[in-house]
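Participant: build me a model:
(chains A and B)
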Number of protein chains: 2
Amino acid sequence: MIGIRSAALALLLTLAVAAAATPGARAEGPRPDWEFSTDQAFDSASIPAYAGRHDAVYARIDADLDAHLAHLQRWVRQRSISAQDDGIREMAELVAGDLRDLGFRDVALVETPGHPGVFGHYDAGAERTLVVYMMYDVQPVEENWRIADPFAGELVEHEIGTVLMARGATNQKGPQRAFLNALDAIIQEHGTLPVNLYVIAEGEEELGSPNFGAVIEPYLDRLRAADGAFFPMNIQEPDGDASLNLGVKGIIYFELESKGGEWGGPAKAEVHGSLKAMVDSPALRLVQAIASMSTPDGNTILVPGYYDAVRAPSDEEQRLVNGLALRADDAAMQKALGVSQWIGGMHGREAIIRNLFDPTLNIDGIWSGYTGEGMKTILPHMATAKIDSRLPPGLEPDEAYRMIREHLDAGGFEDIELSRLSGYPAASTPVDAPLVRAAIGVFNRYGANPRVAPWLAGSAPFYQFTRTLGLPFVFGGLGHGAGAHAPDEYMLIRPAEGVKAAGLAEIEKSYVDLLYALSEASSE
Amino acid sequence: MIGIRSAALALLLTLAVAAAATPGARAEGPRPDWEFSTDQAFDSASIPAYAGRHDAVYARIDADLDAHLAHLQRWVRQRSISAQDDGIREMAELVAGDLRDLGFRDVALVETPGHPGVFGHYDAGAERTLVVYMMYDVQPVEENWRIADPFAGELVEHEIGTVLMARGATNQKGPQRAFLNALDAIIQEHGTLPVNLYVIAEGEEELGSPNFGAVIEPYLDRLRAADGAFFPMNIQEPDGDASLNLGVKGIIYFELESKGGEWGGPAKAEVHGSLKAMVDSPALRLVQAIASMSTPDGNTILVPGYYDAVRAPSDEEQRLVNGLALRADDAAMQKALGVSQWIGGMHGREAIIRNLFDPTLNIDGIWSGYTGEGMKTILPHMATAKIDSRLPPGLEPDEAYRMIREHLDAGGFEDIELSRLSGYPAASTPVDAPLVRAAIGVFNRYGANPRVAPWLAGSAPFYQFTRTLGLPFVFGGLGHGAGAHAPDEYMLIRPAEGVKAAGLAEIEKSYVDLLYALSEASSE
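Facilitator: Numbering: from 1, shown residues only, chains lettered A, B, ... in the order given. Model prediction:
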């Protein structure tokens, strides 16, 4: 997924900012001034902690914990680097085999134009059905790990406790196999599960899920009949804090490229820099085109219509934002990011509103010409920028692309090529969905009383659940990990004294509780 | 030198554009509309061909040609790559030794903070004195030469004749040693030279001549008393065409860098791209700052005062421009450059005027963030651009830097760092200087009837001759070479049938004539 890379990041993105009582974001050019109609604040403590007890299953988890940990190690030891097509099919087969061992039926590898998906169905004859999303691929391995082999499945003593240090430990093999361990414990004790399950796994999440639509396509009717979808994820900090995000922003990610051609500029290769008086510069055109899309401070988008499409905050979203503002600490977040201040010195609720309800326009990369030491005097024949724009609910990817193209054309930049690399809409789930209430209830039971955000400022193609399948979708869970997409990735297995994040046993117990809580939830 | 890299390029830069009769450049924003007061056109054929005959010297050159060629080979076989400090001192000693052998006195290596210069004085007891500038360093060697060793001094059969193919063959060892060969022939026949000579050589021309001031500093009084300065250079095309440029534009070359800091933005490292709604983007700030310096088409500079400082074309410069317009071919130049059209479709005299009298602002390079394949969603913490601006006479480097800094500050871009990499003013010599008339007369004698431009659109620190020393300065001469700063560099030695560019013998004879023509010129 693009944008939601680790629980730590997810936390940062919604940890947001002190409780100043600014009434709303300032109007600044075309940006809307979202006036809030309510000062009520959502508090996750208002949802009762899950009270059910499943002691036999908990005891089974405690008894089998070594074997459960060995399952996690078996998963991380199987390489599955999607970008390098390394171990992919072996990992898909491993997931499929584990599902069969648990009693899943219709287990199949789902062929796509890319890496295969994995499907499995556990029919418990239950009233409710949960779709469990998994990703079985991992990122490539960086060079500077402190352990010799990121695929050894090594246990390492860390200041927060014993951790499983491995590529994929927390993103996402660890929490996913922990979820299957919970299923195993329930089935061992009770012979079946309290809910029916579909597992749908993909092997291209780290590539941006280009073929996930093809993975779910054969099962659309079955999946749409479910009651919700869930993505197991470690989202606790070591102190036990957790942030539950009920959605994501959408994204468009594109390249803009200016090249010499019929309009002017050098078409084949760079020319001497002194020719600028007679020859158009593709690099300057690209810079001018990008500059035309925002105010001189780079912070307000000038593409006509871009802000108009954003949906106003609903009452529920206002209450969630008000709740976030009560618990946020902008100084801590700024320190963690190495940022002196937010844009324009804003803070408090205003910053949260902008973070969640503003579309963005961001340069991820730009390059042209000579980038080495010292001087080389050339007029480069091409220039390229990678740009992403985050889309709050209401701003659709195709519309965003259309508005940007029309803006460029209207500004005389018809020659600038726009290449789409990605694009999908936002996703969000109401806080009063039974699945969400069940998840919060379980968090509360373990004292994790989560911050709840209407969505994350980051992006992931979760519209496949909320829109394609029409399901409430929760991504998260107890547990702590770090280092997704970085060296020394780990998942906390046995917390040290004083560390409040859940260890493996407690994570698995909370998954047990989640399934029972969902099965027991009243139909609304 | 920055911007004048080969005779071929010099030709391109002034070959310019068809003879359309547009009265002057359009006024466009702050750009001045240079109305010409004369339609008279300078024609180099109006200067009489040099008529003196020095048959004994010519015969000596013909007789010694094999030995003369061996001198060129000896020079190119001595490595002298300034950027890699490879062979530098050995080459300086070689030049000094050759000067001593010819009878130069006070020959010395001139120590500088960088590579040493070489000085020598030939006192012929003559009325006139010429300063001869030389560069003894060469560019690094590219990988894809067609010959095994670019320092072997190999003769290669080329479609235009026999060429010396070697690093430094044409830039500038070949023409420089050919000049010394001419001196040798005169001295052999007549015992002395018709003019006094100072040779002043540097070993850092390919580094931008950072210490040339230190090379001439000990000799300033002696050099200022000379009558002119000369830089031997092959400037003919194979068909015999030649362009004589009487000066160069100045240049400033700088980096602009935006980094996160107190003003905002990430200060230490990139952050996640989704944070753009709260975090300022250094990359967008850099793009906005650069964009603020020109119109949206990138072709008119908006830095206040930038065009005002440019000196209006003098009557002489107008005549030169009119003369260039009569002989120019914009289609051929565009084809050679791979450019479909000049800016805005301009052509003819208008393009020549803009090329020579417009300051430029050009992006040589720009980079920030992720520049690899596919998508990475980051908000980079820094962004950098390399920018050069060519300065016509009147626009001084310090003023240009001051205006750009003030423009950035006035636009709110105080946090953008500007790092100066280079800066020097334009240089030009009047067409009626005796040295220039002597040079044109010699060209005319060999049927090369040159195009004459007031200056080149490229840049070199020739202000050291025209301003520091206060001398007329001519850079050029008969002969053809190609591949400066590129693989397969060569100098034409024996032209094939039908090729009209001078071979080595004729080049040397023309240098003989130049020295005599200068000695015979009437004092004006």
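Participant: quick check on A:D308: phi, psi?
Facilitator: Here is the backbone geometry of A:D308 (degrees, to the nearest 10): phi -60, psi -30.
Participant: distance of it from chain B?
Facilitator: Distance of A:D308 to chain B, computed by CB to the nearest CB, to the nearest Å: 17 Å. Glycine gets a C-beta too; all of them are placed from N, C-alpha and C.
Participant: quick one, grab the pLDDT at that residue.
Facilitator: At A:D308, the pLDDT value in this model is 95.
Participant: which residues does it contact?
Facilitator: A:P30, A:P32 (CB atoms under 8 Å, 6 or more residues apart in numbering or on different chains).
Participant: and the one 4 residues further on, by the same measure?
Facilitator: Residues in contact with A:A312 (CB under 8 Å, 6+ apart) are A:P32, A:W34.
Participant: repeat the analysis, applying 10 Å as the threshold.
Facilitator: Residues in contact with A:A312 (CB atoms under 10 Å, 6 or more residues apart in numbering or on different chains) are A:P32, A:W34, A:E35, A:S37, A:Q318, A:F357, A:P393, A:G394.
Participant: the first one is in contact with A:T300, isn't it?
Facilitator: No - in terms of CB atoms under 10 Å, A:P32 does not count as a neighbour of A:T300; the distance is 11.2 Å.
Participant: between those two, what contacts are shared?
Facilitator: Looking at what touches both A:P32 and A:T300 (by CB under 10 Å, 6+ apart), the common residues are A:Y307, A:D358.
Participant: okay, and the helix or strand of chain A with the least pLDDT?
Facilitator: helix A:7-15 (a mean of 37; mean pLDDT, DSSP states H and E).
Participant: buried residues in the following helix or strand past it?
Facilitator: Using DSSP states H and E, the helix or strand that follows helix A:7-15 towards the C-terminus is helix A:55-63. Counting neighbours by 16 or more other CB atoms under 10 Å in any protein chain shown, one finds that the buried residues in helix A:55-63 are A:V57, A:Y58, A:R60, A:I61.
Participant: ok, the second one - contacts?
Facilitator: A:Y58 makes contact with A:A185, A:E189, A:A505, A:E506, A:E508, A:K509, A:V512, A:D513, according to CB under 10 Å, 6+ apart.
Participant: top of those residues by neighbour count?
Facilitator: Within those, A:E508 tops the neighbour count with 32 neighbours, counted by other CB atoms under 10 Å in any protein chain shown.
Participant: isn't there a strand covering that residue?
Facilitator: No - applying DSSP: H, G, I helix; E, B strand; the rest coil, one finds A:E508 to be helix, outside a strand.
Participant: can you pull the contacts of A:A169?
Facilitator: So A:A169 contacts A:72-73, A:75-76, A:138, A:150, A:153-154, A:163, A:175, A:234, A:481-484, A:488-493 (CB under 10 Å, 6+ apart).
Participant: restricted to strands, list the residues you listed.
Facilitator: A:E154, A:V163, A:G481, A:A482, A:Y490, A:M491, A:L492, A:I493 (DSSP state E).
Participant: of all those residues, which comes closest to chain B?
Facilitator: Checking these against chain B with CB to the nearest CB, the nearest one is A:A482 at 14.6 Å.
Participant: okay, and the beta partners of that closest one?
Facilitator: Counting by DSSP bridges, A:A482 is bridged to A:Y490.
Participant: residues near it, how many?
Facilitator: 23.
Participant: I'd guessed it sits against A:L164; true?
Facilitator: No - using CB under 10 Å, A:A482 is not in contact with A:L164; the gap is 11.8 Å.
Participant: joint contacts of those two?
Facilitator: A:T170, A:E489, A:Y490, A:M491, A:L492.
Participant: the fourth one against A:R167, yeah?
Facilitator: No - with contact taken as CB under 10 Å, A:M491 and A:R167 are classed as non-touching, separated by 11.4 Å.
Participant: what sits in contact with each of those two?
Facilitator: Contacts common to A:M491 and A:R167, judged by CB under 10 Å, 6+ apart, are A:V76, A:K173, A:G483.
Participant: and the second one, how far is that from A:A383?
Facilitator: Here the distance between A:K173 and A:A383 works out to 40 Å (CB to CB, to the nearest Å).
Participant: who's more crowded, these two?
Facilitator: Using other CB under 10 Å as the criterion, A:K173 and A:A383 rank with A:K173 on top: 31 against 27.
Participant: give the contact list for that one.
Facilitator: A:K173 touches A:71-78, A:80, A:91, A:95, A:134-138, A:153, A:164, A:166-167, A:491, counting by CB under 10 Å, 6+ apart.
Participant: look at it and give its secondary structure.
Facilitator: helix.
Participant: now the nearest residue to A:A108 once chain neighbours are set aside: which helix or strand?
Facilitator: Closest residue to A:A108 apart from its sequence neighbours, by CB to CB, 6 or more residues apart in numbering or on different chains: A:F119 at 5.2 Å. Using DSSP H and E, A:F119 sits in strand A:117-122.
Participant: in that strand, what counts as buried?
Facilitator: Result for strand A:117-122 [16+ other CB under 10 Å]: buried residues A:G117, A:V118, A:F119, A:G120, A:H121, A:Y122.
Participant: could I get those as CSV with pLDDT?
Facilitator: Converted to CSV, the buried residues of strand A:117-122 look like this (pLDDT from 0 to 100):
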residue, pLDDT
A:G117, 98
A:V118, 98
A:F119, 98
A:G120, 98
A:H121, 98
A:Y122, 98
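Participant: including distance to B:A49, could these go into TSV?
Facilitator: As requested, the buried residues of strand A:117-122 are exported to TSV (distance: CB to CB, whole Å):
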residue	distance to B:A49
A:G117	84
A:V118	88
A:F119	90
A:G120	94
A:H121	97
A:Y122	100
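Participant: out of these, who's nearest A:A453?
Facilitator: Set against A:A453, the nearest of the buried residues of strand A:117-122 by CB to CB is A:G117 (29.0 Å).
Participant: pull out the buried positions in stretch A:469-481.
Facilitator: A:L469, A:L471, A:P472, A:F473, A:V474, A:F475, A:G476, A:G477, A:L478, A:G479, A:H480, A:G481.
Participant: among those, which ones are in strands?
Facilitator: A:F473, A:V474, A:F475, A:G481.
Participant: which among those residues gets closest to chain B?
Facilitator: A:F475 (15.3 Å).
Participant: isn't that closest one up against A:L456?
Facilitator: Yes - assessed by CB under 10 Å, A:F475 is found in contact with A:L456 at 9.0 Å.
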